[in-house]
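A.B. asks: Provided below are the primary sequence and the corresponding predicted coordinates.
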Amino acid sequence: MSSPVIAWVYLFIAGLFEVGWAIGLKYTDGFTRLWPTVFTAASMVISVILLGLALKTLPVGTGYAVWTGIGTVGTAILGIVLFGDPATVARLGAIAMIVAGIIGLKVL
């Protein structure tokens, strides 16, 4: 069992890799492009391994919710920046609520 600080670091990095594979899916062009597909698959594996390591210490509900929250927020923001997804007030407000939920799960 690792320390709680290390577990949170693993979880944060796992969330970043989740963003990587979610965004990577767009670049695979339906898994027809080799290197984007390799990057995406590697990101998936790394993300899940790090999540598993974090969950050795953290509660599963908290860990999974934070992991998906990081992935959701990161992917939504990069969708806006990279792909021109709409940045409406409602969408940004929803992202802010997800961030608040992540912070709440970490703090409580």
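C.D. replies: Everything's here; your move.
A.B. asks: please count neighbours and contacts with C-alpha atoms only from this point.
C.D. replies: Fine.
A.B. asks: now the residue nearest to the spatial centre of the chain: closest residue in space, sequence neighbours ignored.
C.D. replies: Per Cα atoms, centre = their mean, the C-alpha nearest to the average position across the chain is that of Gly71, at 2.2 Å. In this structure, Gly71 finds its nearest non-sequential neighbour in Val19, 4.8 Å apart by Cα to Cα, 6 or more residues apart in numbering.
A.B. asks: Ala7 now?
C.D. replies: Nearest to Ala7 is Ala54, by Cα to Cα, 6+ apart, at 4.3 Å.
A.B. asks: could you report the neighbour count for the one you found?
C.D. replies: Neighbour count of Ala54, defined by other Cα atoms under 10 Å: 28.
A.B. asks: hang on, the earlier thing: phi, psi for the residue nearest to the centre of the chain please.
C.D. replies: phi -60, psi -40 (degrees, to the nearest 10).
A.B. asks: quick check on Gly79: phi, psi?
C.D. replies: Residue torsions, per degrees, to the nearest 10, at Gly79 are phi -60, psi -40.
A.B. asks: thought it was touching Ala87?
C.D. replies: No - counting by Cα atoms under 8 Å, Gly79 does not reach Ala87; the two are 9.4 Å apart.
A.B. asks: neighbour count winner among those two?
C.D. replies: When Gly79 and Ala87 are compared for neighbours, Gly79 comes out ahead with 17 against 14, by other Cα under 10 Å.
A.B. asks: who touches the more buried one in this structure?
C.D. replies: Residues in contact with Gly79 (Cα atoms under 8 Å, 6 or more residues apart in numbering) are 23, 85.
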